[in-house]
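Chemist: compute the structure for the input listed below.
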Amino acid sequence: MPRRKRVPSYRLHKPTGQAVVTIDGKDYYLGIHGSPDSHARYNRQITEWIANHETAPPDDASTLHADLRVSELVGPYLRHAETYYVKNGRPNGEYTNMKDAARPLVQFYGNTRIGEFGPRALKALQHAMVDAGLSRKVINSRINRVRRIFKWGVHNEMVSATVLHALQTVPPLKHGRCDARETEPVRPVSDGMIEAVQPFVNSQVWAMIQTQLYSGMRPGEVVLMRRCDLDMGGKVWLYRPQTHKGQHHGHDRTIFIGPKAQKILKPFFKHNLDACLFSPTDAEADRRQRLHENRKTPMSCGNRPGTNRRRKPKKQPSERYTVQSYRQAIQRACDNAFPHPELSKLDQNELTDEQRDEFKRWRKNHRWHPHQLRHNAGTHLRKEFGVEVARIVLGHRHIETTELYAEANIQKAIEVIRKIG
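Modeler: The predicted structure is shown next:
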């Protein structure tokens, strides 16, 4: 993370008795030193500097618009994004998405003057993403993020508003009217595929899977569960995550934990209320304990427990799971639960290109990810209790969003149509 610049100080200019502050090598005189007016002027100067110190425009804005290059806009924006898109003290996934969107922009148009980057250039960038094999929805998202970079440049007086308005005229790619590939919608995972991974995951991961099924929470919410975030005063517990997807919009998030999920969670409660319930460190300790219990060599022979460990291993288990580590654990379990009948037995380095493609397709068709469990919960809730209940439990503000997560009950519709004719 870039080091923050030190805030310029409020100083006395002895020859004149005025207050002064030096910003980017230029002295700004603020009035009589110590006066309320001078302090007010100082606060105003510092506020503007904090907002624009990386991108402070020169006096001649027209020269700036004419000479500034696209790469000179992207660089400051990414430095801003690294500190703006933050979750749990670290840059979050949106920061990574912004970098992915900015990469082809700099690659193809980094040396282009901002005033010369118009709708034609943005459409060319769009087509380059299509040629790169990106899906239509991903391309539309990245083009919107490119526009967001220019929008940021407008309110930081680096880009003329007319440039942004021109870029906003470029329409998104439409389904069936472009060459970009389409992605399959996220579907619920079958019960059989869920049960099949149980022997290949530890108790921590299996508990997270079951908790998601019963509560409909997101993967990012289950990995962050702490005892201090649980309100256990009623028969149904209320879980309010420390961070969640809609937090930066000012939305509240309450997750309902019923008796079945409560029974799953209780064995993972810790004395430290601030500790995450699910921890790779605990999972590793459980694994070593099971190995010790299944030990066949007498304790008087061989290695004693703990004597054959590396003093400084390259990788240490962390105190909590991340969405990525949770997902990887499920994918490894899927690979073990659904091996290819032939290719899994062969040396992977000796496979032909056709065999590698076949092996890749097999794994893709026999893997699932934790976000699908939320779709399972939404579909079940909609089927049993209606879409409005599903919306409330999933934490959606609009039913249209719930429709994406809860599969329609086609069988029920068939039965109704059969009765009415």
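Chemist: can you tell me what sits against the host helix or strand of R356?
Modeler: Using DSSP states H and E, R356 maps to helix 353-365. Applying CB atoms under 8 Å, 6 or more residues apart in numbering, the contact partners of helix 353-365 are 334-335, 338, 340, 343-344, 346, 348, 351. Quick note: C-beta positions are derived from backbone N, CA and C, even for glycine.
Chemist: go again using 6 Å as the cut-off
Modeler: Residues outside helix 353-365 that contact it (CB atoms under 6 Å, 6 or more residues apart in numbering): 340, 343.
Chemist: give me the buried positions along it.
Modeler: Going by neighbour count (16 or more other CB atoms under 10 Å), the buried part of helix 353-365 is 359, 362-363.
Chemist: just checking, next helix/strand downstream of that helix?
Modeler: helix 371-385.
Chemist: for the buried residues of helix 353-365, which one is nearest T254?
Modeler: Comparing the buried residues of helix 353-365 against T254 with CB to CB places R363 closest, at 37.1 Å.
Chemist: ok, that closest one to H340 distance?
Modeler: To H340, R363 is 8 Å away according to CB to CB, to the nearest Å.
Chemist: with R290 instead?
Modeler: Remark: distance between R290 and H340 (CB to CB) = 29 Å.
Chemist: same check, this time on T243
Modeler: Taken as CB to CB, the span from T243 to H340 is 39 Å.
Chemist: okay, the two: which has more neighbours?
Modeler: The neighbour count for T243 versus H340, taken as other CB atoms under 10 Å, is higher for H340 (16 against 13).
Chemist: so that one, which of the three states?
Modeler: Assigned by DSSP: H, G, I helix; E, B strand; the rest coil, the conformation of H340 is coil.
Chemist: next one: the helix holding R356 to chain centre, how far?
Modeler: Distance of helix 353-365 from its chain centroid, counting by CA atoms, centre = their mean, to the nearest Å, is 28 Å.
Chemist: output it as CSV - backbone C-alpha positions only.
Modeler: Extracted C-alpha coordinates of helix 353-365, given in CSV (Å, rounded to 0.1, in the frame of the first residue of the first chain):
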residue,chain,number,x,y,z
ASP,A,353,-3.6,-32.0,-25.3
GLU,A,354,-6.9,-33.7,-26.1
GLN,A,355,-6.7,-35.6,-22.8
ARG,A,356,-6.0,-32.5,-20.9
ASP,A,357,-9.0,-30.8,-22.5
GLU,A,358,-11.2,-33.8,-21.6
PHE,A,359,-9.8,-33.9,-18.0
LYS,A,360,-10.5,-30.1,-17.7
ARG,A,361,-14.1,-30.5,-18.9
TRP,A,362,-14.7,-33.4,-16.5
ARG,A,363,-13.5,-31.4,-13.5
LYS,A,364,-15.6,-28.4,-14.6
ASN,A,365,-18.7,-30.6,-14.8
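Chemist: quick one: the helices in the stretch 51-200 of the chain?
Modeler: 61-67, 70-84, 93-109, 119-131, 136-155, 161-167, 191-196 (DSSP state H, counting those that start in this stretch).
Chemist: what comes into contact with the last one?
Modeler: If you take CB under 6 Å, 6+ apart as the criterion, helix 191-196 is touched by 337, 368.
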